[in-house]
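>>> how would this look folded up:
(chains A and B)
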Amino acid sequence: MAATQEEIVAGLAEIVNEIAGIPVEDVQLDKSFTDDLDVDSLSMVEVVVAAEERFDVKIPDEDVKNLKTVGDATDYILKHQA
Amino acid sequence: MAKIKASKGAPYARIIGVGGYRPTRVVPNEVILERIDSSDEWIRSRSGISTRHWANDEETVAAMSVEASGKAIADAGISAGQIGAVIVSTVSHFKQTPAVATEIADKLGTGKAAAFDISAGCAGFGYGLTLAKGLIVEGSAEYVLVIGVERLSDLTDLEDRATAFLFGDGAGAVVVGPSQEPAIGPTVWGSEGDKSETIKQTVPWTDYRSGTVEKFPAITQEGQAVFRWAVFEMAKVAQQALDAAGVDPADLDVFIPHQANERIIDSMVKTLKLPESVTVARDVRTTGNTSAASIPLAMERLLATGEARSGDTALVIGFGAGLVYAATVVTLP
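Model prediction:
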């Protein structure tokens, strides 16, 4: 069953917490991965791969650069999840 | 039809000696920062690199190789004259004819050993090792010298803030010889030419000669794509090499991945779920990425510092431009 927006944000928060050590409550739709959450370009790849597995979605390299905020990633997953 | 005699090789092959050469000039991040807008903290956090070695005019590809090979031959306890083949992996020897392997073989005093260069980027050591094993088991040579050598400082764009700090120079060599028991596992290797744009030389030499471009060619890469492939696809290849050798991660002593970037190494270790008991090579911190030379250089350092011991079981994996990769499990010399 496809995940809801709320479930995706919660899932991303857990992933970002595990990879970058950011408190889950800081991970919100308007937050920028690099500027607000201290997720650098390499950690972002790890976040993306973890999100792919968790939400059964493919996020190609060329789309990763467009995912600036948690909201961008959530929308992308909502739209593309299997 | 005449009957053709087959050659007779050794039952198995093993690495019996290793040697390395690091150029005398140590280049800290501060020197890199003279040409790019970045910081020591940024470079360390993205790559783990604090210093690298850059070769001077005398430290040529051939000269560095001869130094590293001399140590490997001494470590192996054989004489140069016993070597039957010399394989050199490099992408930064700028005089392509003749192969630099012939000059190295001559300077080492190998006599008329077969000598040739191969091009397999950062997987070059694994490719060379696989060829060496084949030659020994097949019977074309009793001892084979495998050299990985690079002067990547010659192929670095010092104004590119994404790559200027990455590369270093050096040579690493191993002597491979006959063995009565398996000491080099099956190689899991391959190429993915559909990803050839991911890591590459910016333009062909001929574009520079004709004046189509003003800048000397350099190595460039798509960082995020390389990172994803290196960590997640190469972890699968590394696991396949362990499986092919029948070695459980719990029985592994040492992990020597290509020293591309410490962040890749960290993530690979995590993805492979290697036990904490496994010693992980992190030579990249003070050597940078030396492509084909990185694995034998890291191997030599681990043995020299006592972090690894002769007889240890090590997983080695090289991966890079091509894209190409090669992984195998070896017994350390």
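
>>> Please list the residues of chain B that sit near chain A.
Within reach of chain A by CB under 8 Å from any CB of the partner chain, chain B has these residues: B:45, B:46, B:222, B:223, B:224, B:225, B:227, B:228, B:231, B:232, B:263, B:267. Just so you know, the C-beta spots here come from the backbone N, C-alpha and C atoms, and that holds for glycine as well.

>>> Now a ChimeraX select for only the buried ones of the residues you listed.
Buried residues within those, by 16 or more other CB atoms under 10 Å in any protein chain shown, are selected in ChimeraX with:
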select /B:46,222,223,224,225,227,228,231,232,263,267
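
>>> Of the residues of chain B next to chain A, which pair is most distant in space?
The most widely separated members of these are B:45 and B:232, with 20.8 Å between them, by CB to CB.

>>> Show me what counts as buried in stretch B:302-309.
Buried residues in stretch B:302-309, counting neighbours by 16+ other CB under 10 Å, are found at B:302, B:303, B:308.

>>> Test my guess that residue B:222 contacts residue A:64.
No - proximity of residue B:222 to residue A:64 does not meet the contact threshold set by CB atoms under 8 Å, at 10.7 Å.

>>> burial measure for the nearest residue in space to residue B:287 that is not next to it in sequence, as a count.
Excluding the flanking residues, the one nearest residue B:287 by CB to CB, 6 or more residues apart in numbering or on different chains is residue B:168, at 5.4 Å. By the criterion of other CB atoms under 10 Å in any protein chain shown, residue B:168 has 32 neighbours.

>>> The one 10 residues further on too?
By the criterion of other CB under 10 Å, residue B:178 has 17 neighbours.

>>> That one and chain A, how far apart?
From residue B:178 over to chain A the distance is 43 Å, taken as CB to the nearest CB, to the nearest Å.

>>> Check the secondary structure at that residue for me.
Recorded secondary structure, residue B:178: strand (DSSP: H, G, I helix; E, B strand; the rest coil).

>>> That one against residue B:8, yeah?
No - counting by CB under 8 Å, residue B:8 is not a contact partner of residue B:178; they are 11.2 Å apart.

>>> Now stretch B:29-38: buried residues?
Of the residues in stretch B:29-38, B:29, B:32, B:33, B:36, B:38 count as buried by neighbour count, 16+ other CB under 10 Å.

>>> With distance to residue B:119 as new columns, can these be given to me in JSON lines?
Formatted as JSON lines, these follow (distance: CB to CB, whole Å):
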{"residue": "B:29", "distance to residue B:119": "30"}
{"residue": "B:32", "distance to residue B:119": "27"}
{"residue": "B:33", "distance to residue B:119": "32"}
{"residue": "B:36", "distance to residue B:119": "28"}
{"residue": "B:38", "distance to residue B:119": "31"}
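
>>> returning to what we had before: the residues of chain B next to chain A in helices, which ones?
Within the residues of chain B next to chain A, residues falling in helices by DSSP state H are B:45, B:46, B:223, B:224, B:225, B:227, B:228, B:263, B:267.

>>> returning to that earlier point: ok, now which ones touch the residue nearest to residue B:287?
For residue B:168, the contact set (CB atoms under 8 Å, 6 or more residues apart in numbering or on different chains) comprises B:27, B:52, B:53, B:54, B:152, B:153, B:287, B:288, B:289, B:290.

>>> try it again with 6 Å
With contact taken as CB atoms under 6 Å, 6 or more residues apart in numbering or on different chains, residue B:168 is in contact with B:52, B:53, B:287, B:288, B:290.

>>> Which phi and psi values does it adopt?
Here is the backbone geometry of residue B:168 (degrees, to the nearest 10): phi -140, psi 180.

>>> now, which of the contacts of residue B:168 lie within strands?
If you go by DSSP state E, the contacts of residue B:168 have B:52, B:53 in strands.

>>> could you dump the contacts of residue B:168 to TSV with pLDDT and neighbour count?
Formatted as TSV, the contacts of residue B:168 follow (pLDDT from 0 to 100; neighbours: other CB atoms under 10 Å in any protein chain shown):
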residue	pLDDT	neighbour count
B:52	98	30
B:53	98	22
B:287	98	25
B:288	97	31
B:290	98	33
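
>>> What about the closest residue to residue A:32 other than its chain neighbours, how many residues nearby?
Leaving aside its sequence neighbours, residue A:32 sits nearest to residue A:69 (CB to CB, 6+ apart; 5.2 Å). The number of residues packed near residue A:69 is 18, by other CB under 10 Å.

>>> Verify the stated contact: residue A:69 with residue A:34.
No - using CB atoms under 6 Å, residue A:69 makes no contact with residue A:34, being 9.7 Å away.

>>> who's in contact with residue 77?
Going with chain A. A:8, A:55, A:57.

>>> I was after chain B.
By CB under 6 Å, 6+ apart, no residues touch residue B:77.

>>> Would you state the helices of the chain in chain order?
In the absence of a named chain, chain A is used. A:5-20, A:41-55, A:61-64, A:70-80.

>>> you looked at the wrong chain, it should be chain B
Along chain B, the segments classed as helices by DSSP H run B:29-32, B:40-47, B:61-76, B:100-108, B:124-138, B:205-209, B:223-228, B:234-245, B:262-272, B:284-287, B:294-305.

>>> got the buried residues for the third one?
Applying a neighbour-count criterion of 16+ other CB under 10 Å, the buried positions in helix B:61-76 are B:61-73, B:75-76.

>>> hang on, the earlier thing: let me know the closest of the contacts of residue A:77 to chain B.
residue A:57 (14.8 Å; CB to the nearest CB).

>>> Can you report phi and psi for that closest one?
phi -140, psi 150.

>>> Tell me which residue of chain A lies closest to chain B.
The nearest approach of chain A to chain B comes at residue A:61, 4.3 Å away (CB to the nearest CB).

>>> okay, now that residue: neighbour count?
Residue A:61: 17 neighbours (other CB under 10 Å).

>>> One more: the one 4 residues further on?
For residue A:65, the neighbour count with other CB under 10 Å is 10.

>>> Nearest spatial neighbour of it, chain-adjacent residues omitted?
Nearest non-adjacent residue to residue A:65 (CB to CB, 6+ apart): residue B:224, at 7.7 Å.

>>> what does residue B:6 give?
Distances taken as CB to CB, 6+ apart put residue B:139 closest to residue B:6, at 7.9 Å, once the chain neighbours are dropped.
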